[in-house]
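In: One predicted model, sequence on top.
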Amino acid sequence: MTTQQKLQHEIDQFAASTPVSAQKQADAERYLPGGSSRGTAFFAPHPHFIERGEGHYVQDADGSRLLDFMINATSLILGHAHPDVTRAIQEQAARGAAFTGPTDAQVRMAKILTERVPSVDLIRFTNSGTEGTMMAIRAARAFTGREKIAKFEGGYHGAHEYVSVSVRPPLEKLDPSGPTPIAEHPGLPQSILDQVIVLPYNDLDWCERVLRENASELACLIMEPVVSSFGYLPGDVEFLQGLRDLTAELGIVLIYDEVQSFRIAPGGAQEALGVIPDMTSFGKIIGGGTPVGAFGGRAELMELFDPTKGAPIAHAGTFNANPVTMAAGEAVMNHLTPDVYERMNALGEELRAKLRAVFDEFEMPTQITGIGSLFGIHFTSEEIRDYRDVVRADQTMRRALFMGLLNEGVLLQSGAAGAMTSLTTETEIDALVDATRRVTQRLK
Ligand SMILES: Cc1ncc(COP(=O)(O)O)c(C=O)c1O
């Protein structure tokens, strides 16, 4: 059997065990394109509809209980429906869900985050990570008076136009001589493409040459210190430090997108890797499962938003720093003591080592990436260093593993990546490893 046939076998098995989800998807498609409001929710033949979540598990509409390492794209760091988070949400909702005036909970969250994150003197909250990166870029442009931005090939920073360039370019569109700006969707204005410089990850010489050439026009470099779409690959520390030194020298604002990587240490990846940007964007875990984002940075940058200082940048948002979100986020942050990170990260190490051992057992060429509580699986014998290494890996095997694990009752991200929660123990890790062994046996 070919890999494609084995994938089809897994898909058929999934379809046979999810008739209720299939029907719900068909109904949903009458009202929502693709049956949902989120591209990432879909996978073929149909996604499974989720009825409830509890701790490390979700239950789907067909009654299957799945061990969840997807945890809403890494955001549920305490697992589903943590009692303290649920209580915080209920109590705040009963006192009122949204006000125009500021609330104490917002100030408490701002205090927690500014105290924890080295680069952040001042912070503002938004409703999504998308808005967080958008406002950080806006601040960098206003601060520098320059218009262009630099980003990495394969880097995702949310759904807004500024960064919808070279996010998931297909292999056949890549210029072999190096990254070029490629529109992420039809209709992206040429003027946006003209403002974006695309760089290869982990290649400091290339970045130095291009950043120097374009320095007088570059407002910022936006990047993830741990690249989510590369299976949570941390940048080489010399690469990160080199970019820090260069951007400081050239007056380019360095923005770390820590929407996902903030979960690896109390002060995020910047603390763990020891490289401090000028601005940082946040999302995911700081909302306790409710919609959230934030951006923060050095006082001189963030004061651009300060109405008491003339605020050259207006920043409105009906639900910014929504009190329900702030209460949920505070409940999460209060749980995340240094020992919780230590335990989750140690389990992450253990999981990555055990996954490597499984694929070695079957002599299947794979790369296991990740850091802290995050992990990714790539079917390739090449070390993962940048976007091109990621897309050159075997995507049929990746899909087959994802579907196979679903059939084994384990939920990963469809990109064969995932994250731990504060509830993860060796039991959950071994369940994932054993399921991976069974699926690999079938796919071999
Ligand atoms: C690295 C990164 N930046 C930004 C975003 C956008 O966040 P949101 O989906 O909350 O808009 C995401 C979301 O997955 C992300 O992973």
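Out: Sure thing, it's come through.

In: Can you report how many residues lie near the residue of the chain found nearest the ligand?
Out: In the chain, the residue that lies nearest the ligand is residue 129 (2.4 Å; CB to the nearest ligand atom). Quick note: C-beta positions are derived from backbone N, CA and C, even for glycine. Using other CB atoms under 10 Å, residue 129 is surrounded by 29 other residues.

In: again, but for residue 45
Out: Residue 45: 13 surrounding residues under other CB under 10 Å.

In: That one contacts residue 15, doesn't it?
Out: Yes: if you go by CB atoms under 8 Å, residue 45 and residue 15 touch, sitting 5.0 Å apart.

In: Can you name the residues of the chain that neighbour the ligand?
Out: Contacts of the chain with the ligand, taken as CB under 6 Å from any ligand atom, map to 73, 128-130, 133, 156-158, 224, 228, 257, 259-260, 283, 293.

In: which pair in the residues you listed spans the largest distance?
Out: Longest distance between any two of these is 16.2 Å, between 128 and 224; criterion CB to CB.

In: about what we covered before: can you pull the residues that touch both of residue 45 and residue 15?
Out: residue 22 (CB atoms under 8 Å, 6 or more residues apart in numbering).

In: on that earlier part again, separation between the residue of the chain closest to the ligand and residue 158?
Out: Between residue 129 and residue 158 the distance is 5 Å, computed by CB to CB, to the nearest Å.

In: residues shared between the contacts of these two?
Out: Contacts common to residue 129 and residue 158, judged by CB under 8 Å, 6+ apart, are residue 259.

In: Nearest spatial neighbour of residue 242, chain-adjacent residues omitted?
Out: What sits nearest to residue 242 in space, not counting adjacent residues and going by CB to CB, 6 or more residues apart in numbering, is residue 204, at 4.4 Å.

In: packing partners for the helix or strand hosting residue 105?
Out: According to DSSP states H and E, residue 105 maps onto helix 104-116. Judged by 3 or more CB pairs under 8 Å, 6 or more residues apart in numbering; DSSP states H and E, helix 104-116 is in contact with strand 122-126, strand 293-297, helix 323-335.

In: Tell me which helix or strand comes right after the first one.
Out: The first helix or strand that comes after strand 122-126 along the chain, using DSSP H and E, is helix 129-144.

In: now the angle from that next one to strand 122-126?
Out: Going by axes from the mean of the first three to the mean of the last three CA atoms, to 10 degrees, helix 129-144 is angled at 140 degrees with respect to strand 122-126.

In: I would like the residues contacting the following helix or strand past helix 129-144, please.
Out: Next helix or strand after helix 129-144 toward the C-terminus (DSSP H and E): strand 148-152. Contacts with strand 148-152, where a contact means CB under 8 Å, 6+ apart, come from 137, 140-141, 157, 162-163, 165-166, 179, 195-201, 210-211, 214, 217-224, 227, 252, 386-387.

In: rewinding a little: so the residue nearest to residue 242 touches residue 240, yeah?
Out: No: using CB under 8 Å, residue 204 makes no contact with residue 240, being 9.3 Å away.

In: Comparing those two, which residue is more hemmed in?
Out: residue 240 (24 against 17).

In: so which helix or strand takes in the more buried one?
Out: Assigning secondary structure by DSSP H and E places residue 240 in helix 237-250.

In: Could you list the buried residues of that helix?
Out: Neighbour counts using 16 or more other CB atoms under 10 Å place 239, 240, 242, 243, 244, 246, 247 of helix 237-250 among the buried residues.

In: Which single one of these is nearest to residue 104?
Out: Looking across the buried residues of helix 237-250 and measuring by CB to CB, the closest to residue 104 is residue 244, at 35.3 Å.

In: which non-adjacent residue is nearest that closest one?
Out: Residue 244's closest residue in space is residue 275 (CB to CB, 6+ apart), at 5.1 Å.

In: sorry, back to before: can you redo the helices and strands packed on helix 104-116 as a markdown table, where the extra columns are mean neighbour count and mean pLDDT?
Out: Listed next are the helices and strands packed on helix 104-116 as a markdown table, based on neighbours: other CB atoms under 10 Å; pLDDT from 0 to 100:
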| stretch | mean neighbour count | mean pLDDT |
| --- | --- | --- |
| strand 122-126 | 23 | 98 |
| strand 293-297 | 29 | 98 |
| helix 323-335 | 22 | 98 |
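
In: Please enumerate the helices of the stretch 151-300 of the chain.
Out: Per DSSP state H, counting those that start in this stretch, the stretch 151-300 of the chain carries helices over the ranges 190-194, 204-214, 237-250, 268-273, 299-302.

In: could you dump those to JSON lines with mean pLDDT?
Out: Conversion of the helices of the stretch 151-300 of the chain to JSON lines gives the following (pLDDT from 0 to 100):
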{"stretch": "helix 190-194", "mean pLDDT": "98"}
{"stretch": "helix 204-214", "mean pLDDT": "98"}
{"stretch": "helix 237-250", "mean pLDDT": "98"}
{"stretch": "helix 268-273", "mean pLDDT": "98"}
{"stretch": "helix 299-302", "mean pLDDT": "98"}
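
In: Quick one: residues in contact with stretch 354-371.
Out: Applying CB under 8 Å, 6+ apart, the contact partners of stretch 354-371 are 226, 230-234, 264, 269, 272, 348, 352, 375-384, 393, 417, 429-430, 433, 436-437, 440-441, 444.
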